[in-house]
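**Q** Sequence and predicted structure below; questions after.
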Amino acid sequence: MLSSLFGTSAPTPPATPSTANNEKVVGKPAVLVTTSSVPPTPSTTASASSSSSYYYSSSSTPTTATPTSASVSTAQGYLSVSSTSSAWTAGLPPPVKHPYKVEQALDDIPGLQYALKLFLESKMVESEEYCHKSDEKKERLYFATGFSLIQCVKGLMSYEDEDLLAALNHARHGNTIASQHRKKQALLGSIVSVIHSSSSAGWIKSMTDVERHAELVYAESLFEKALLGIVYSGDWLAFIKEALNMRTTISIYKSLLTYIDTADALHSSLGLGPIDPSIDPHFRSGVYLGNGMANIVLSLMPGKLMTVVEMFGYHGDRDMGLELLMKAGGWGDKEGREAATMLNTEGLRRPICDLCLLMFHLVISSFTFQGVDIPLASKILEYNLERYPDSVFFLFGAGRLGLIRGQPHQAITHYKKAMQVQSQYKSLHHVSWWEIAVAELALGRVGGGGVSSTKPGGQQQGEEEEVGSGVWWRKMHKEATWSRAIYGYGLGVCLYEESLELSETASSSSAPLPTQPGKSKGEEKKRKELREEAASLMKKGTGFEAEDCGEEYSAGGSPYALILARFWVSLSRIWSDIPIRLSFVAYLKLVARKARKFTSQKNHLTLGALELSYIFQAIAHAPRSVLLSKMIPQIQSTLSTLERYQGREAEYEKEVLGGQQGYYDDLCLAKFLEGVCLRYVVYPEENTIPEELSTSDETAMQEMAGKAGEAFRDVFEYGPKIELDHYIVYHAHYELGRLLACQGKVDEAKHEFELVLSGKYLEVGASGRKGKYSLENALHVRTHAANEALKAGKRL
């Protein structure tokens, strides 16, 4: 049956899309979809300023030497990469054959591998110029689309309209080039294709090697066009058009995977091995990449959007997606330390598959549990860092791994190296700044943000002075524009906390501190400057409204998942109920509310830095010693202050909060943070490498676990008296559920999770609550993931 299915004549091919004006550059494999009937407008081709004489002759025309080995072997069917790849792995660019012939399109793959190697080595400009000069006419299948991908990355990082439009034009052109290389439609094919599906293995089998690669590249460029189209347009019309193109993309990927699976099954049934060698590894890696990411992305869709997607017959299988991505690098053996797929036989897109795996395990794992495998991510990272020691992308991964393991010091080292290895894409520095700011919060170091801490222009006087989260919030607030509201709030909180630390009792208390006569005038002056700047930043943040957040995303750096973040932000403008949007818009709302609270309380905010540390999961990554020596003592000191006012709440509100109500808001926040910190001391995250306690007393550990539970229950008791920060109660139920799960009390943990997901009002008192609480949908995403993991018997 397999042989008859795979060997019969192909059905009539689908209609080939009409080609638009072929002006400008191109697209490559990568990300999503957008379509437009408007032909791309000409734009100036970007190229580096360097002479690039190291891989071109003095003539402006590229050399036309014939590659020694880049043709398809008739014996094995593999693209031979041995002799050609040995050249580019040694640092020499592969020769490019001129003039270009469609039937020789796959001869360019070694050249694109070289360009990808340059890009992963943090030589982005050199990679871009190599692609441009190798194909100045932008007519080659792989060079045109490779250059387009670079433009896509540049546009998404700068987020300027002109860069996005240029990238979109390149993607459209690349899609046109891929379409021209696809198998042509037979006469009356548009009619016959209604009856005969073009997705059968037989149809793909009937193609030449070049046509199969063109089909793959067409799907990839369509995917890329969608991402750029949604981000650039950000309206319903663009979303609908790209949703239709996405359906085409997924259908092509599924048909290509069916072809590979059918060929492998036939090969295996004949006793010749599990893999058909006639399918080259470059094609395989691309099919695995497309299908793998499609399944993972669909599996991450929020419930409401997933309902719509399933109406079109699509469902994401996360385990299958991860398995396909691992196939490209041969990562199936979890016990081995080496990848099964070696350099001389790997596919073109294998490094991208590895990057996608790292993105899932190290970044997306912050709000999901299913499929996360940190030991596997560590192996992938070790392999690629040995291969690309100066890759900014894999150094980012190393930094994330350090945070996940509870080693912020190591994370900071990797992020600083990531800044040192490249200066071509400044926006990538902003990613490092964000991560370092969070890592510094995990170390309990909030200082360094003061006006005297850095030289003008953000340049530090010395490496030792780049300590404290405030240093990095200041850098982002000055240069990066992904969200000045969040940067300004982060800096303001750090400045305020630093001003408190300058007083004798401020290291552990958030109550207002009077001027102390024994302090030097210089110290008092600095404390005043810090508070004034913090107040100024908070005042600016009070006017922020979520509906005006479009400008907040205009350009610059962002948290780690830069490209995905901006895609979801644009998507959220279209579909207002997508929970993922709250990873961005809701955080903006929250910091605006907290800034207003700071200003209304006469420039006071209780445990603001620790609250920010929880929101950005810095407490979860804090070393045990920091929790015990810094965070918990600060919380307990604040609780002591609050307890002194117990029964005199109005007095506290008058003396501390400037006459504003909020005693129980502060009490519940302190209790909540106490429970969170104690929980992480006793039960660190699964992949944390915990520091040894100074005592081995198990009784003390059990006491801390008990106190954590009591702290959360105190939040439930006082929750109805909260005036503003209602979100604390719901997060307390979530954190108590995780604590109970760690203690093996599964049924009780499920009960807490179900309360969060029930939609019931859990804290409403006399003040009442209207609408959603802060970070509601984001919490639902995390709670749903925790509930599913608990049902599957996984550790939380």
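**A** Cool, the structure landed.
**Q** For residue 491, which non-adjacent residue is closest in space?
**A** residue 473 (3.8 Å; C-beta to C-beta, 6 or more residues apart in numbering). From N, CA and C alone the C-beta is placed, and that goes for glycine too.
**Q** Packing partners of the helix or strand containing that neighbour?
**A** According to DSSP states H and E, residue 473 maps onto helix 469-479. With contacts taken as 3 or more C-beta pairs under 8 Å, 6 or more residues apart in numbering; DSSP states H and E, helix 469-479 sits against helix 426-442, helix 484-501.
**Q** would TSV of these with distance to residue 323 and mean pLDDT be doable?
**A** Putting the helices and strands packed on helix 469-479 into TSV (distance: least, C-beta to C-beta, whole Å; pLDDT from 0 to 100) gives the following:
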stretch	distance to residue 323	mean pLDDT
helix 426-442	29	93
helix 484-501	36	91
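**Q** got these as JSON lines, with mean neighbour count and distance to residue 329 columns?
**A** Formatted as JSON lines, those follow (neighbours: other C-beta atoms under 10 Å; distance: least, C-beta to C-beta, whole Å):
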{"stretch": "helix 426-442", "mean neighbour count": "25", "distance to residue 329": "24"}
{"stretch": "helix 484-501", "mean neighbour count": "26", "distance to residue 329": "36"}
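**Q** JSON lines for those helices, including distance to residue 783?
**A** Below are the helices and strands packed on helix 469-479 laid out as JSON lines (distance: least, C-beta to C-beta, whole Å):
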{"stretch": "helix 426-442", "distance to residue 783": "22"}
{"stretch": "helix 484-501", "distance to residue 783": "23"}
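**Q** quick one, which of those is nearest to residue 774?
**A** Taking C-beta to C-beta, helix 484-501 is the member of the helices and strands packed on helix 469-479 nearest to residue 774, at 13.2 Å.
**Q** what comes up buried for the following helix or strand past the closest one?
**A** Downstream of helix 484-501, the next assigned helix or strand under DSSP H and E is helix 521-541. For helix 521-541, the neighbour count (16 or more other C-beta atoms under 10 Å) marks 526-527, 530-531, 533-535, 537-541 as buried.
**Q** swap in stretch 131-151?
**A** Here stretch 131-151 shows 131-135, 138-151 as buried, counting by 16+ other C-beta under 10 Å.
**Q** one step back: now do the contacts for the residue nearest to residue 491.
**A** Shown in contact with residue 473 (C-beta atoms under 8 Å, 6 or more residues apart in numbering): 437, 449, 487, 490-491, 494.
**Q** dump the residue contacts of the residue nearest to residue 787 when sequence neighbours are not counted.
**A** Spatial nearest neighbour of residue 787, chain neighbours left out: residue 753 (4.4 Å); criterion: C-beta to C-beta, 6+ apart. Shown in contact with residue 753 (C-beta under 8 Å, 6+ apart): 733-734, 737, 783, 786-787, 790.
**Q** helix or strand for residue 753, which one?
**A** For residue 753, the element it lies in under DSSP H and E is helix 746-757.
**Q** And residue 707, how far from residue 682?
**A** From residue 707 across to residue 682, the span is 10 Å (C-beta to C-beta, to the nearest Å).
**Q** Between these two, which is the more surrounded one?
**A** Comparing residue 707 with residue 682 by other C-beta atoms under 10 Å, the one with more neighbours is residue 682, at 20 against 16.
**Q** Surely the more buried one and residue 708 touch.
**A** Yes. The criterion here is C-beta atoms under 8 Å, and residue 682 meets it with residue 708 at 7.0 Å.
**Q** Kindly check the end-to-end length of stretch 753-771 for me.
**A** This stretch, stretch 753-771, spans 20 Å end to end (C-alpha to C-alpha, to the nearest Å).
**Q** got a pLDDT number for the residue nearest to residue 491?
**A** Note for residue 473: predicted pLDDT of 94.
**Q** Name the residues of stretch 254-265 that are buried.
**A** 254-260, 262-265.
**Q** so how many other residues sit close to residue 300?
**A** Residue 300: 20 neighbours (other C-beta under 10 Å).
**Q** ok, it to residue 615 distance?
**A** With the distance defined as C-beta to C-beta, residue 300 ends up 21 Å from residue 615.
**Q** Also residue 410?
**A** Distance of residue 410 to residue 615, computed by C-beta to C-beta: 23 Å.
**Q** for residue 656, same thing?
**A** Note on residue 656: its distance to residue 615, by C-beta to C-beta, is 23 Å.
**Q** Would you mind telling me which of those two has the busier surroundings?
**A** Legend: neighbour count by other C-beta under 10 Å for residue 656 and residue 615, higher for residue 656 (22 against 19).
**Q** Please tell me how far that one sits from residue 650.
**A** 11 Å.
**Q** Could you do residue 629 as well?
**A** For residue 629, the distance to residue 650 - C-beta to C-beta - is 35 Å.
**Q** repeat for residue 671
**A** Distance from residue 671 to residue 650, counting by C-beta to C-beta: 20 Å.
**Q** Would you mark the buried spots in the helix or strand hosting residue 716?
**A** According to DSSP H and E, residue 716 maps onto helix 698-718. Within helix 698-718, the residues that qualify as buried are 701, 704-705, 707-709, 711-712, 714-716, 718, counting by 16+ other C-beta under 10 Å.
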